[in-house]
Each structure stands twice: as C-alpha cells, then as structure tokens.
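Q: Pasted the sequence and its predicted model underneath.
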Amino acid sequence: MFSTRFDAMQSMVERLPGVAPPIRRSNPDSYADTPFAEEIASVEMPRKFSFPSIRMYDGTGDPNDHIVQYKQRMLAVALPKESREATLCKGFGSTLIEPALQWYINLPTRSISSFAGLSDKFVEQFKSSRSLEKTSDGLYEILQHRVEPLRDYIARFN
C-alpha cells in the first residue's frame, strides 16, 4: 500500500514543470552484460597487455579508416594467437567516445562473435560518415551565382 501511494506521488512530482527527471538506478546485474558471445567473453586478456594509443572515434570520421588504424595498431603488438580475436573485440570499445561509445554500449547482449562481425556492424552504423571519392561529375553541379563576379567564381576552384 505504501509503495503504491509513494509511486503515485512520485509520478505527480515528475509531471511538475521545471522538476528534473529522477536518476535511473542501474540494474545490479547489468555489469555482467556483454555484447560478446561466450567464445569471446570467456577468453582472458593477456596479463601485462596494454592497448596501444589510437585516435578516439566519435562517430564523425570515416569508420573504415578507424577500423584499419585500430587493426594495424593492435596487430603490431605481439598477441598470442588464441587470444587475438577476443582482444581485438574487447579492446575496440576503448577507442570510442560520444555517440560511437553509446552505440557500442547498447549493442545487444551476446550479439558479437568475431571482430569481423563487430567491424561490419560498426561500419554499417556509421556509414553516413564515410569519405566519398570525388569525381569530375561534381564539377557540373558548381554554378556561378547571379551576382557573383567571375573572379570570385574562378577563385573557388583554386
């Protein structure tokens, strides 16, 4: 009875204008949630391993470039073959910030079974940030504005 009345009062307070929403409490079991399948999650990280430094990805650059840079840095480190795949997967999250990290944190539990699968999902998610190759066709879309002097129009090409 007390709990029901308390919940009703809490609901009324939350609807008041200017009242900050309550801070959601974490699920005590959520620390054990992992996006990795058992074959990745169960592999122990090498004891004295430290991840090489890499530019953090925030969701705005080319995701393919980030994957390539990450793989090159990780493969330059001597890792035992049996833990290489798991280390690539587990370390990837430490290279992400802002929206990219939020995406990583919200991956479904047990949905990643390989680094290839993780990188495919990552590139798919951030594909709109890819660098596209410029072609000469784009030049046909550049027009001189009505009041733009010819000198200024030509200057845009230099």
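A: Arrived safely, thanks for sending.

Q: which helices and strands does the host helix or strand of Ala86 pack with?
A: Assigned by DSSP states H and E, Ala86 falls within helix 81-92. For helix 81-92, the contact count by 3 or more Cβ pairs under 8 Å, 6 or more residues apart in numbering; DSSP states H and E identifies helix 38-41, helix 63-75, helix 115-125 as packing neighbours. For every residue, glycine as well, the C-beta is placed using N, CA and C.

Q: ok, 6 Å please
A: helix 115-125 (3 or more Cβ pairs under 6 Å, 6 or more residues apart in numbering; DSSP states H and E).

Q: residues in contact with the helix it packs on?
A: Outside helix 115-125, the residues within contact range by Cβ atoms under 6 Å, 6 or more residues apart in numbering are 63, 67, 85, 88-89, 103, 112.

Q: let's go with 8 Å and repeat that
A: 63-64, 66-67, 85, 88-89, 92, 103, 107, 111-112 (Cβ atoms under 8 Å, 6 or more residues apart in numbering).
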